[in-house]
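Novice: here is a sequence with its predicted model. Questions after.
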Amino acid sequence: MNVASTTRGIEPLLDTVFSFLRRKTDFFAGPPGSDPSQGKQKAIDTVNEAVRRHADLYAKTIEAKKTKEAKAKDKKKVKKEVKKEVKKETKPITPQDSKVEEDVIEMGANGFDIDESKDVSEKLKETTIEEPDSKTTETKKADDTKKTDGDDDEEKKPPPVGNGGTVDGKYVWSQTLSEVTITIPLPSKLRGKDVLVDMGKNKLKVALKTDLKNPIVDDALTNTIILDDSFWTIEDGDKLVLQLTKLSQMEWWDAVCQNDPKIDTKTIQPENSNLSDLDGETRQTVEEMMFDQRQKVLGLPTSRANSMF
């Protein structure tokens, strides 16, 4: 590049190269004792062959680059569709929902199903049944009321904003199935050189270089990330935004760092998507993930646990 800059272009550079070969070598004359006319033609053929070879290499490089970009674009599209699909198909199941079947049969005070039949009810009217102890009945009613109130509170629990949470005094975070986004407020008018960010596969440290002894974040991550696909940037001079790419892109995080407060992943409500748009392998993976999510909520074995038996 320095030679090209000095000679002010490619053609002067080539003139300089071939001038050197003409004056200082036998490139055009050929080996001693050979026909000069043949040496000239051989020099031209040699140059043409070198140009042709490098032109072919250039064409292959361009083609490989286009193929790589197309694959990356397709991969990104598939990831996007997977996120949309999971957000549509995954619906959180509350403990109240899991007990629906248990609560369907209503039992009378006598221990029989009151909906079984009218004939049985009529027969029971003719049967003398000992009245239950009043204190026992009141205690049972109080327990049922307390249980119902607890279920209602859990049912009314709102989903976390952005599927993430807030770590007081530190940052706000949100997530999709494939990425975690962390936003840290900073003093105004800061640049990248003013901040220390140390990301590892299983750790994270963030600090202002003016106060390294008191880092904003210095803790182990709750899950593993893909370090090469994760990055950070400063926005508007007063926000540090970190984008962490999950290694396992089929599960929700309950926190970013191990010592942070946890969120309830059962209440996460993904956005809608279309499962039919995915290819067969990706769709099978998503369906398996959604099955495992429901099994965990219900306290039942996941597909991996079932395969071990």
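Specialist: Perfect, I can see it now.
Novice: pull the helix or strand with minimum mean pLDDT from the chain.
Specialist: When each helix and strand of the chain is scored by mean pLDDT, DSSP states H and E, helix 100-103 comes last, with a mean of 46.
Novice: low-confidence ranges, the protein, go.
Specialist: 1-9, 36, 87-157, 270-283, 286, 290, 297, 305-309 (pLDDT under 70).
Novice: quick one: the helices in it?
Specialist: With DSSP state H as the criterion, the chain has helices at 2-7, 10-24, 36-89, 95-98, 100-103, 118-125, 134-155, 280-298, 303-307.
Novice: what's the angle from the second one to helix 36-89?
Specialist: Between helix 10-24 and helix 36-89, the angle comes out at 140 degrees (axes from the mean of the first three to the mean of the last three CA atoms, to 10 degrees).
Novice: tell me what residue 204 is bridged to.
Specialist: Residue 204 has these beta-bridge partners by DSSP bridges: residue 199, residue 219.
Novice: list the contacts for it?
Specialist: Residues in contact with residue 204 (CB atoms under 8 Å, 6 or more residues apart in numbering) are 198, 217, 218, 219, 221, 242, 256, 257. For the C-beta atoms, the positions are set from N, CA and C on the backbone; glycine is no exception.
Novice: just flag the most distant two among the residues you listed.
Specialist: 198 and 256 (14.8 Å; CB to CB).
Novice: more neighbours: which of these two?
Specialist: Taking neighbours as other CB atoms under 10 Å, residue 198 and residue 256 compare with residue 256 leading, 24 against 12.
Novice: give me the phi and psi for that one.
Specialist: phi -80, psi -50 (degrees, to the nearest 10).
Novice: okay, now the closest residue to residue 295 other than its chain neighbours: neighbour count?
Specialist: Excluding the flanking residues, the one nearest residue 295 by CB to CB, 6 or more residues apart in numbering is residue 302, at 5.0 Å. Residues lying near residue 302 (other CB under 10 Å) number 15.
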